[in-house]
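**Student:** what's the 3D shape of this:
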Amino acid sequence: MLSRRKFLLSGALGLLTSTGLDELVLAKDKGKVKVKKVVAKGPRSLGRQSWPPAVAADFLGVPNKGQICICDGNGRLSLAEMKAAKGFAPSFEVVAELSSFARQVIDMKVQQGMAYLLVQKPQKNPDCNLALLAIRLAKGVVPQVVLCAPLTQFKDASTICLDRKVVYVGGASANQENLVMSYAINLQKNSGDLNPLASIRVNQTVSDIAVQNKILSVLQTNGADSRIDLLNIANPVSPQPKDAIKMEGEFNTLVQFKGGLVAIGQVGGSLEARSIAITPAPKAVARTALAPVNRLISAMPLQNQIVLVGESKDKLAVMALSLDKGLNFTRPDVGTFDIGLKSYGKISASSLATDTKSLYLGNGIAGMEVFNRETGSFRHVFSYKIPRLAASQVCAWGDLAVILTSEFMSYDISEPTRPKLVSETSTLSPLKAISGAGSYVLCLGGRGDLSLRRMNKLDDVIATSNVTGKSLTFDKNKHCVYVVDPQDKLTRVHCFKVYSDKMENFENIEATGNYSLIKASNTQIVIAGLNDFASYTIDNGEPQAGAFKPGSKYHFDNLAIRDFCLEGDLIIATCVDPNSFGFLVMLKLDESGIKLISKFDLKHDGMSVTSNANTVVCVGKDKTGEDLVSIIDISQAHAPQEIKTIPTIDSASATIIQAQKNLAVVVGRGLEVFSLS
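**Tutor:** Model (predicted):
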């Protein structure tokens, strides 16, 4: 039992953890422990929401209750916990991940807390082409590779099958013989080994393998016809041929079902299923067309049926195939769903998984679809989307921060310690850049369009204009948007007046040179290229046709410009030298031209910069690859002072200051909120 002192101390430490205070002071007073809260001051991280790793759902499996294993073809794996609330769709939270364990994943099977993978070029065995990996997926710990065994008998392999502690691998030998090998798996706590048991040569290319009731079934095809070889494996060291079932057509998928088999493939251009009885004597029983499904994606047994997922006229179709006791097919149940299929490629059968309650379908890089079984049919209940790219840009207004990836993601930052994702909105077409315009967002599309949207309703396009360009900026003082469009040795700046329901183009400026960045403030427009700045002034302070006059230029001999912002009469830029060292460069812009004021060494490469009054925030990577954010005081522009440089979110690429809340928002593979005071 804990003493009173230890109990109080543990409670105080728990308070420290929950409140996130930088310091906790314990004071002894008459035998009692008092807890004094010391509020942290100065720039610091308040809250972070990282994204799950970009692991495409090429292979799926259910290793433990309430968890799902997601693996992609590039040797990355994540373990997600499935959470459901009554009346709400399920959600997924990535709790563990593992990467770089193979160059390519060919097949995966999951059973009893273990994932078994057929891979090419595992990192631990660089001299072998193929190997079998076993990864332990225990709850609460990081996934661990406990077996990495080279498959020296194979030149190529395509599929694996598990039967308790025996694994079967199908492929081709170095002599181009069609081959199935069986191995005994011996797994210890931290390592294991693989012992060959038997080698089985077959006539045609191995497509799929199944094991049940001590019978090994090997599905083979040469494209025009197929066959299933059945072998007795009561003695696993000496398999005995039992029978062979021949079929016309190309069959690639084999599903076990209650003492029988169902083979699925193409016959005369149509998808078809064949049922085969194994006992008492192997024989073909029945066949059925699988229309309206015209392309199979995956199939697996589920309770008293076989579930097929495939394509039907560009829609996703889920079919429940029923068989009677004699393995004759009955009328199937089919449901079609308006879910995109473009990301589906050649995906193995393990991309379909179930926990007996729900059905999970891997949709490659698009994520995963979840279906529930209801009264003889399936209902689509949830799409688990996988963020593919780090955020490229961010804008903020009030309690909302909007970031641009392959889509819009909106976060509520009203509680900075707990930023919350509130919506994900498709951009329909690719976007190059965004810029905040108060409670609106200006979007520059890659197909020659500029659009105006409400920040709290991003799927609603209020106004559009035709324009090409690389980046844009919004001048809140003049309510104008400027788009810079570099074209080799000539750069055009397109100028638009922005209203609440429209945009009007009033001027195109032409500048000699190649400029790709632009910022505007009141009566000044500044454009930047690789090594140069150029400015334009607005006559009489009103942006209109003919009002823009060329101003000054400035050239860097040994620095490349990465990003810049304007603050009063200052140009604040991040630059790198030929050795990729980063600098914060301060320049003054006035009637006499652009003049260099100071150059300040950064601890990173200055990917992005933003400012408000006397505070500058910039992010970048250091030489070790760590992402950092720097807060710098520029109250004395000739001598900037670093306030703090601290680690930030992975792949940090953009930042913005929310002046009303004195916060900085940094985005990359997620979002992080910093206090500036």
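**Student:** pLDDT below threshold where in the stretch 201-350 of the chain?
**Tutor:** Confidence mapping of the stretch 201-350 of the chain against pLDDT under 70 gives the ranges 340-350.
**Student:** residue boundaries of the strands in it?
**Tutor:** Taking DSSP state E, counting those that start in this stretch, the strands of the stretch 201-350 of the chain run over residues 205-212, 215-221, 225-232, 240-248, 250-257, 260-267, 270-277, 283-289, 295-302, 305-312, 315-321, 333-337.
**Student:** Between those strands, which one is closest to A157.
**Tutor:** strand 205-212 (8.5 Å; C-beta to C-beta). Backbone N, C-alpha and C define where each C-beta goes, glycine included.
**Student:** sorry, back to before: now tabulate the strands of the stretch 201-350 of the chain in CSV and tack on distance to Y168.
**Tutor:** Listed next are the strands of the stretch 201-350 of the chain as CSV, based on distance: least, C-beta to C-beta, whole Å:
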stretch, distance to Y168
strand 205-212, 5
strand 215-221, 7
strand 225-232, 10
strand 240-248, 15
strand 250-257, 12
strand 260-267, 15
strand 270-277, 18
strand 283-289, 23
strand 295-302, 18
strand 305-312, 21
strand 315-321, 25
strand 333-337, 32
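**Student:** Make JSON lines out of the ones you listed and add mean neighbour count and distance to A545.
**Tutor:** Putting the strands of the stretch 201-350 of the chain into JSON lines (neighbours: other C-beta atoms under 10 Å; distance: least, C-beta to C-beta, whole Å) gives the following:
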{"stretch": "strand 205-212", "mean neighbour count": "21", "distance to A545": "69"}
{"stretch": "strand 215-221", "mean neighbour count": "24", "distance to A545": "70"}
{"stretch": "strand 225-232", "mean neighbour count": "20", "distance to A545": "72"}
{"stretch": "strand 240-248", "mean neighbour count": "14", "distance to A545": "74"}
{"stretch": "strand 250-257", "mean neighbour count": "20", "distance to A545": "65"}
{"stretch": "strand 260-267", "mean neighbour count": "23", "distance to A545": "64"}
{"stretch": "strand 270-277", "mean neighbour count": "21", "distance to A545": "63"}
{"stretch": "strand 283-289", "mean neighbour count": "15", "distance to A545": "68"}
{"stretch": "strand 295-302", "mean neighbour count": "18", "distance to A545": "56"}
{"stretch": "strand 305-312", "mean neighbour count": "22", "distance to A545": "54"}
{"stretch": "strand 315-321", "mean neighbour count": "23", "distance to A545": "51"}
{"stretch": "strand 333-337", "mean neighbour count": "16", "distance to A545": "52"}
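**Student:** how about those, which one is nearest I527?
**Tutor:** Evaluated over the strands of the stretch 201-350 of the chain, closeness to I527 peaks at strand 315-321, with 47.1 Å, by C-beta to C-beta.
**Student:** Go ahead and name everything in contact with the helix or strand containing A401.
**Tutor:** Counting by DSSP states H and E, the element that carries A401 is strand 400-404. Contact partners of strand 400-404, identified using C-beta atoms under 8 Å, 6 or more residues apart in numbering, comprise 391-396, 408-413, 419, 422, 427, 431, 433-434, 436, 441, 455-456, 458, 654, 656, 658, 665, 667, 671.
**Student:** which ones among these are found in helices?
**Tutor:** Applying DSSP state H to those, no entry is found in helices.
**Student:** from those, which would you call buried?
**Tutor:** For the contacts of strand 400-404, burial is judged from neighbour counts taken by 16 or more other C-beta atoms under 10 Å, and it is met by 391-396, 408-411, 413, 419, 427, 431, 433-434, 436, 441, 455-456, 458, 654, 656, 658, 665, 667, 671.
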